[in-house]
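Enquirer: next come a sequence and a model predicted from it.
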Amino acid sequence: MAANSKNFYNLFQGQAGSWMAVATTKHEDVKHPSYKFTPEGPKKIQTTNLHKNFNIIIHPFKSKDITSHKVLRVSISLLLNIIVIRSKGGRKTRPIQYWIILDYLTFEDLSARTANSAELVRRIIHTVSFTKSNQKAEVYKRILSAPISMIMSAFRRRIFLSICQISSKRVVGIPNHHQSPFYRALDNQKRGFKDPVYRARRKIFYDIAMNYKFGDAIPKVDYTKEEKQTWGTIFCELHKLYPTHACKEYNELWPDLVKYCGYREDNIPQLYDIDNYLKRKTGFTLRPVAGYLSPRDFLAGLAFRVFHCTQYIRHSSDPFYTPEPDCCHELLGHMPLFACPSFAQFSQEIGLASLGAIDEELDKLATLYFFTVEFGMCKENGELRVYGAGLLSSIGELKHALSSNAKVEPLVIETVVQIPCLVTTFQNQYFWTDTFDEAKEKLRSFVQTMHRPFGVRYNPYTQSVEILSDAERLGALVSELRGDLCIVRNALQKIQLNDEDLDIENITLQLTSALKPDSDKKT
């Protein structure tokens, strides 16, 4: 057996039912057991060859306080990859049982710190098994009492091993209590439910999303004549409004979308082309999806500069309304501004703030996303302009938001996070900032108040999120930033010789202000 497998077996005995552990030896070619699920538990039925260092843990859960989503959270935090989940429903007198097969993808890292690993597992398993759902904040604090480096290690994994392979679902970025269900079969309340042709088309888009593997080229879609006509109707009406309603950045980027991505009245742009364009502009990538994600998963995607994007289009019977995000919303509302570096950074910072956030704070972040990225406004020359995708893709609400009938206020995060998000009617009120940079500063101030006891930083070279939880990691980051600051200093010295208008004092003030604690800034 592999090192420390016996320790894990002893660790799990007596915890939430009977626990079994199976570990393999470290060989190039490993025999991986397969299992048949019986009332007595999983039974081995065959073996297959897999990669080396593959270690399996099987545990049947018998506690009524355990639910599958809690098990998923524990598994992710322990760097476990879930292979199979099976559940067996019980009678009223017998709780539901879960069997979950997991494997360790990074067993060497885990075994190097056996004591810490064992203590972490004990704490998390105990928490998940015996804590009620109304004690989420306390659960979070108890879990974080374990080593931060172990709990958050999942975030350091490569993007294709983590966030973007969780699911092919999609969210509009609203809190859990407003969340729409994940689309599998077309909802009978939605237009097109009784149209067999439309249902068949939606099934095609669903299959594309579910079969897509992150990193592959996004499949191109052969849109029908009817779908192109629906797109063209919406495109023409919105394009008339953009010069007077959309923000400057949106209108400035529009010619590039026409040139490189095929934005035309008679053509629905392909995610493949937009994905390649955004990679060159801001490093954002797209992932085709078929329905809704939870706010946590959707925002986590933004942290890695990944945007979950639908490919289907609304039913032609009502081209000016859809209860769910479709390609008209994604392509006309979101895509142009993801090519703007300042807006892309703002979106990513919301995503980074969501990593490790407790549910209550996550809801606030999702609401902030909703009233900025989806329904936000800015001011240009004293006049309101729109940058929110929900407005830029809705003819009726775009007109309403800039009319005298709309209630528009300055963005105050403490106020915004308390406002209900409406998905079937116009919003009761909207919020504006002078610039995207102002919105980012307000977001950063809010993140400072969060209870997360560590910082996170996206590393674009490794496409991973680094956990800043100790002096050693901060020191490495400062060393890296020092190199960037030297580049800035040298550039300032050279530009100053030829540009008398260069405001060095203002640039210096920005740099020093960013390093000052909030308490110093207020004095």
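Expert: Arrived safely. Numbers count the residues shown, from 1 in each chain.

Enquirer: longest single helix anywhere in this structure?
Expert: helix 471-498 (DSSP state H).

Enquirer: and the helix or strand following that helix, what does it pack onto?
Expert: For helix 471-498, the following helix or strand on the C-terminal side (DSSP states H and E) is helix 504-515. Here helix 504-515 touches helix 471-498, going by 3 or more C-beta pairs under 8 Å, 6 or more residues apart in numbering; DSSP states H and E. Backbone N, C-alpha and C define where each C-beta goes, glycine included.

Enquirer: buried set for the helix it packs on?
Expert: Using 16 or more other C-beta atoms under 10 Å as the test for burial, helix 471-498 gives Arg473.

Enquirer: now the strands for this protein?
Expert: 20-22, 30-38, 41-50, 55-61, 80-88, 97-104, 285-289, 306-310, 376-380, 383-386, 408-410, 430-433, 455-459, 464-468 (DSSP state E).

Enquirer: by mean pLDDT, show me the worst of those strands.
Expert: Mean pLDDT is lowest for strand 20-22 out of the strands of the chain, coming in at a mean of 30.

Enquirer: Tyr263 and Tyr277, how far apart?
Expert: Counting by C-beta to C-beta, to the nearest Å, the separation of Tyr263 from Tyr277 is 11 Å.

Enquirer: any residues in contact with both of these two?
Expert: Contact criterion C-beta atoms under 8 Å, 6 or more residues apart in numbering; residues shared by Tyr263 and Tyr277: Leu257.

Enquirer: if we can go back for a sec, the longest helix of the chain - what's its average pLDDT?
Expert: 82.

Enquirer: and the angle for that helix with strand 455-459?
Expert: Per axes from the mean of the first three to the mean of the last three C-alpha atoms, to 10 degrees, the angle that helix 471-498 makes with strand 455-459 is 60 degrees.

Enquirer: could you chop the chain up by domain?
Expert: Listed by automatic domain parsing, the domain ranges of the chain are 5-151, 163-448, 481-522.

Enquirer: packing partners for the longest helix of the chain?
Expert: With contacts taken as 3+ C-beta pairs under 8 Å, 6+ apart, helix 471-498 sits against strand 464-468, helix 504-515.

Enquirer: redo these as a markdown table? Include mean neighbour count.
Expert: As requested, those are arranged in a markdown table below (neighbours: other C-beta atoms under 10 Å):
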| stretch | mean neighbour count |
| --- | --- |
| strand 464-468 | 19 |
| helix 504-515 | 10 |
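
Enquirer: and these, which one averages the lowest pLDDT?
Expert: Here the lowest mean pLDDT among those goes to helix 504-515, at a mean of 72.

Enquirer: and Glu438, which of the helices and strands packed on helix 471-498 is closest to it?
Expert: Between Glu438 and these, the shortest gap by C-beta to C-beta is with helix 504-515, which sits at 13.6 Å.

Enquirer: restricting to C-alpha, output the closest one in CSV.
Expert: What follows is helix 504-515, C-alpha atoms only, in CSV (Å, rounded to 0.1, in the frame of the first residue of the first chain):
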residue,chain,number,x,y,z
ILE,A,504,4.7,62.5,-11.9
GLU,A,505,3.3,63.6,-8.6
ASN,A,506,-0.1,62.1,-9.3
ILE,A,507,1.4,58.8,-10.4
THR,A,508,3.6,58.7,-7.3
LEU,A,509,0.5,59.5,-5.2
GLN,A,510,-1.4,56.6,-6.7
LEU,A,511,1.5,54.2,-6.0
THR,A,512,2.0,55.2,-2.4
SER,A,513,-1.8,55.4,-1.7
ALA,A,514,-2.2,51.8,-2.8
LEU,A,515,0.3,50.7,-0.1
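
Enquirer: residues contacting that helix, please?
Expert: Defining contact as C-beta under 8 Å, 6+ apart, one finds that helix 504-515 is touched by 485, 488, 492, 496, 521.

Enquirer: now the angle from that helix to helix 471-498?
Expert: 170 degrees.

Enquirer: for stretch 258-268, buried residues please.
Expert: 260-261, 263, 268.

Enquirer: what do you get for stretch 332-349?
Expert: Quick answer for stretch 332-349 (16+ other C-beta under 10 Å): 332-340, 343-344, 346-349.

Enquirer: end-to-end on that stretch?
Expert: Stretch 332-349 has an end-to-end distance of 22 Å (C-alpha to C-alpha, to the nearest Å).

Enquirer: mind checking the pLDDT average for that stretch?
Expert: The average of the pLDDT scores along stretch 332-349 is 95.

Enquirer: what's the answer for stretch 231-238, then?
Expert: The average pLDDT within stretch 231-238 is 96.

Enquirer: what sits closest to Ile234 if chain neighbours are left out?
Expert: Leaving aside its sequence neighbours, Ile234 sits nearest to Cys328 (C-beta to C-beta, 6 or more residues apart in numbering; 5.1 Å).

Enquirer: so what pLDDT did that neighbour get?
Expert: Looking at Cys328, its pLDDT reads 95.
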